[in-house]
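Visitor: Okay, structure incoming, though there's no sequence with it:
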């Protein structure tokens, strides 16, 4: 991964942190009754999760989905359907107003072993770029949350980054949740794709992506099966777009 991409990852990586008595930063799992141990084989299980903002806006309703351990799950949906809110719930930055989220935690260390890459640049300003990046390795993250991190990158560079991301998450057996508007990106990276409905977002469809083993994301796009899966995703997503416009209105 090139230096500028590494620096962007450092700016965007924002773990939940606290401090030990000696001043050392450490990630923290927020205490909340909706956070419990997940089913075996799943890193995270969402059960009938809903979220409503204090102003009364209901963003998510009845979301139930399992996030398999060591796989990539992509979340797509119309604008404003609650994709980023769902990612913030998984990160513990927000808490469900209904339902529950179960985490399959290491009993020896009940901390959030995750890193989150936001859409906007975020970092710990008192640390250097190198030190921000080293937070990932220091805490041995096993879960990665990506909120449209590649949207501002040109297409050829983005495909190269996709290959790097696949290599890293497979090497580290990382459970990854990717929010994206790019269906080709979802098919290229994910093992399963969750399509959310218009707001309030709920699971409108789920698709298993059958590409196993090592993927060459550049040549993959020429395969007939890739185009077929892309078409299925688009058909399900397109049904939600008019509803999204109505909910915005």
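Guide: Arrived safely, thanks for sending. Only a predicted model underlies this, so the values are computations on that prediction, with no experimental measurement involved. Numbering: from 1, shown residues only.

Visitor: Give me the below-cutoff pLDDT ranges for the chain.
Guide: 1-40, 105-141, 244-249 (pLDDT under 70).

Visitor: what about the strands in it?
Guide: 17-19, 25-27, 35-37, 42-52, 58-68, 72-76, 98-103, 114-117, 143-147, 175-179, 192-196, 203-208 (DSSP state E).

Visitor: Adding distance to residue 230 and mean neighbour count as columns, could you present those strands in a markdown table?
Guide: Placement of C-beta: from N, CA and C, glycine included. Formatted as a markdown table, the strands of the chain follow (distance: least, CB to CB, whole Å; neighbours: other CB atoms under 10 Å):
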| stretch | distance to residue 230 | mean neighbour count |
| --- | --- | --- |
| strand 17-19 | 39 | 11 |
| strand 25-27 | 36 | 16 |
| strand 35-37 | 35 | 15 |
| strand 42-52 | 25 | 20 |
| strand 58-68 | 21 | 19 |
| strand 72-76 | 11 | 26 |
| strand 98-103 | 30 | 19 |
| strand 114-117 | 24 | 24 |
| strand 143-147 | 20 | 22 |
| strand 175-179 | 16 | 25 |
| strand 192-196 | 10 | 24 |
| strand 203-208 | 10 | 15 |
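
Visitor: Among those strands, single out whichever gets nearest to residue 215.
Guide: strand 72-76 (10.5 Å; CB to CB).

Visitor: Give me the nearest residue to residue 49, chain neighbours excluded.
Guide: residue 99 (3.9 Å; CB to CB, 6 or more residues apart in numbering).

Visitor: is it true that the one you found touches residue 52?
Guide: No - here residue 99 lies out of contact with residue 52, judged by CB atoms under 8 Å, at a distance of 11.6 Å.

Visitor: what comes into contact with stretch 233-243?
Guide: Here stretch 233-243 makes contact (CB atoms under 8 Å, 6 or more residues apart in numbering) with 76-78, 81, 183, 186-187, 193, 195-198, 204-205, 207.

Visitor: thinking again about what came up before, where's the residue nearest to residue 49 relative to residue 50, distance?
Guide: 6 Å (CB to CB, to the nearest Å).

Visitor: just residue 163 next, same as before
Guide: Distance from residue 163 to residue 50, by CB to CB: 37 Å.

Visitor: what does residue 157 give?
Guide: Distance of residue 157 to residue 50, given as CB to CB: 38 Å.

Visitor: Residue 233 too?
Guide: Going from residue 233 to residue 50 by CB to CB gives 25 Å.

Visitor: tell me which residues form a beta bridge with residue 192?
Guide: Counting by DSSP bridges, residue 192 is bridged to residue 73, residue 208.

Visitor: Confirm for me that it is in contact with residue 76.
Guide: No - Residue 192 is beyond contact range of residue 76, at 11.4 Å (criterion: CB under 8 Å).

Visitor: and the nearest residue to residue 163 once chain neighbours are set aside, what does it touch?
Guide: In this structure, residue 163 finds its nearest non-sequential neighbour in residue 217, 5.3 Å apart by CB to CB, 6+ apart. Contact analysis of residue 217 by CB under 8 Å, 6+ apart lists 159, 162, 163, 166, 188, 189.

Visitor: tally of neighbours for the first one?
Guide: Here the count is done by other CB atoms under 10 Å, and residue 159 has 18 residues near it.

Visitor: That one contacts residue 218, doesn't it?
Guide: Yes - applying CB under 8 Å, one finds residue 159 in contact with residue 218, separated by 5.7 Å.

Visitor: how close does the nearest residue to residue 170 once chain neighbours are set aside get to residue 155?
Guide: Leaving aside its sequence neighbours, residue 170 sits nearest to residue 214 (CB to CB, 6+ apart; 7.9 Å). For residue 214, the distance to residue 155 (CB to CB) stands at 22 Å.

Visitor: start to end distance for stretch 187-197?
Guide: With CA to CA, to the nearest Å as the measure, the first residue of stretch 187-197 is 19 Å from its last.

Visitor: Then stretch 55-74?
Guide: Stretch 55-74 end-to-end distance (CA to CA) = 29 Å.
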